[in-house]
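S.K.: heads up, no residue letters with this:
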């Protein structure tokens, strides 16, 4: 009898619990508050020299997050600076042409060779008259004629050299010097840019979430040193079966409520997208209850300033 009485009490409690559950309100769908994650990495390899922030700290766009030590780039900067100065001086020398002292040297050389040429010409004229009178041999006349030709060639060469020096450097030489100057300047600017990359700057207003390296450790190019949540990127994400998606479409206004402090704000549906097939709800009795697809509902707050204080990944409720 005692066993039968206890069994009856247990069945009665189950019945009351079932009645209470059926009569109570269904809990609203729950989701999460999400923010876009920003990764800050370096473009050049270097060791972490200084960390300016801590995890959980809020930073503004343009704030310095960390400074790297890149001694190799500093050495290359000195080399690039030397090459830039050398190429610039070469280009200026090409533009300026011959110096005053070089022109004086050419004038003196011109005067000396001109005198030698005129002397050789006079000597040849005299020997030519003597050759007609058979006073000298043909061999001697030929030797004088060779000296005259040599003096004339040297005199013509110095005249051309002097004319080139006074007219300036040719166009192709100027272009070649300009190209060398631009090349050296580009190498210098490249190293300067690499040195600027040793300072990691916050790309936006954000809250630091993770710092992956410590001071003294090596940061490789592309590896994330600091990650954080971007301010103003709040969105609310809910996963609902298709039976609960009715009435939710782009532009629909809903109320989102926090699970722990009951704060509320208005949010707008911005995306309704089906999740992958594996997330579908399958029925063991398809003739009685069809399977349902599962959708992700994304809402964005209308007042981002109000949602800025809400904690990332906190639970929220969707109230229609």
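M.R.: Okay, I see it. Remember, predicted model here, so these are calculated numbers, not experimental data.

S.K.: Going by C-alpha atoms from here, please, whenever you check contacts or count neighbours.
M.R.: Will do.

S.K.: Domain map for this structure?
M.R.: For the chain, the structural domains run 39-70+198-230, 76-193, 234-319, going by automatic domain parsing.

S.K.: The last one - what's its average pLDDT?
M.R.: Read it as domain 234-319. Looking at domain 234-319 alone, the average pLDDT works out to 87.

S.K.: Next: the second one.
M.R.: Per-residue confidence for domain 76-193 averages out to 80 on the pLDDT scale.

S.K.: Residue 30 is nearest to which of the domains of the chain?
M.R.: When the domains of the chain are ranked by proximity to residue 30, the top entry is domain 234-319, at 4.5 Å, counting by CA to CA.

S.K.: Endpoints of that closest one, how far apart?
M.R.: In domain 234-319, first residue to last residue: 18 Å (CA to CA, to the nearest Å).

S.K.: Quick check on the residue located most distally from the centre of the chain: phi, psi?
M.R.: Among the C-alpha atoms of the chain, the one most distant from their mean position (CA atoms, centre = their mean) is that of residue 133, at 90.2 Å. The main-chain torsion angles of residue 133 are listed as degrees, to the nearest 10 and equal phi -90, psi 10.

S.K.: For residue 307, see how far away it is.
M.R.: Between residue 133 and residue 307 the computed distance is 121 Å (CA to CA).

S.K.: hey, where'd the strands end up in the stretch 1-150 of the chain?
M.R.: Applying DSSP state E, counting those that start in this stretch to the stretch 1-150 of the chain gives strands spanning 30-34, 37-41, 46-51, 58-59, 64-69.

S.K.: neighbouring strands for the shortest one, and are they parallel or not?
M.R.: Which is strand 58-59. strand 206-211 (antiparallel) (DSSP bridges).

S.K.: Remind me what the lengthiest strand in the chain packs against, helices and strands.
M.R.: Ranked by residue count and defined by DSSP state E, the top strand of the chain is strand 264-274. The elements that strand 264-274 packs onto, with contact taken as 3 or more CA pairs under 8 Å, 6 or more residues apart in numbering; DSSP states H and E, are strand 253-258, strand 294-301.

S.K.: Tell me which of the ones you listed sits nearest to residue 34.
M.R.: Residue 34 lies closest to strand 294-301 among the helices and strands packed on strand 264-274, at 9.9 Å (CA to CA).

S.K.: Show me what that closest one is packed against.
M.R.: Here strand 294-301 is seen to pack against strand 235-241, strand 264-274 when contacts are counted using 3+ CA pairs under 8 Å, 6+ apart.

S.K.: and with 10 Å instead?
M.R.: strand 30-34, strand 235-241, strand 253-258, strand 264-274 (3 or more CA pairs under 10 Å, 6 or more residues apart in numbering; DSSP states H and E).

S.K.: Out of those strands, the one nearest residue 296 is which?
M.R.: Closest approach to residue 296 among those is made by strand 235-241 (4.6 Å; CA to CA).

S.K.: got the angle between that closest one and strand 253-258?
M.R.: Here strand 235-241 runs at an angle of 100 degrees relative to strand 253-258 (axes from the mean of the first three to the mean of the last three CA atoms, to 10 degrees).

S.K.: So which elements touch strand 235-241?
M.R.: The helices and strands touching strand 235-241, judged by 3+ CA pairs under 10 Å, 6+ apart, are strand 30-34, strand 264-274, strand 294-301, strand 315-319.

S.K.: The domains of the chain: which one's closest to residue 31?
M.R.: Comparing the domains of the chain against residue 31 with CA to CA, the closest turns out to be domain 234-319 (4.4 Å).

S.K.: How far off centre is that closest one?
M.R.: Using CA atoms, centre = their mean, to the nearest Å, we find the averaged C-alpha position of domain 234-319 to lie 37 Å away from the chain's own average C-alpha position.

S.K.: Same question for stretch 196-206.
M.R.: The chain centroid and the centroid of stretch 196-206 are separated by 12 Å under CA atoms, centre = their mean.

S.K.: if we can go back for a sec, possible to save the helices and strands packed on strand 235-241 as a markdown table with mean neighbour count and distance to residue 172?
M.R.: As requested, the helices and strands packed on strand 235-241 are exported to a markdown table (neighbours: other CA atoms under 10 Å; distance: least, CA to CA, whole Å):
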| stretch | mean neighbour count | distance to residue 172 |
| --- | --- | --- |
| strand 30-34 | 21 | 63 |
| strand 264-274 | 17 | 63 |
| strand 294-301 | 22 | 63 |
| strand 315-319 | 19 | 72 |
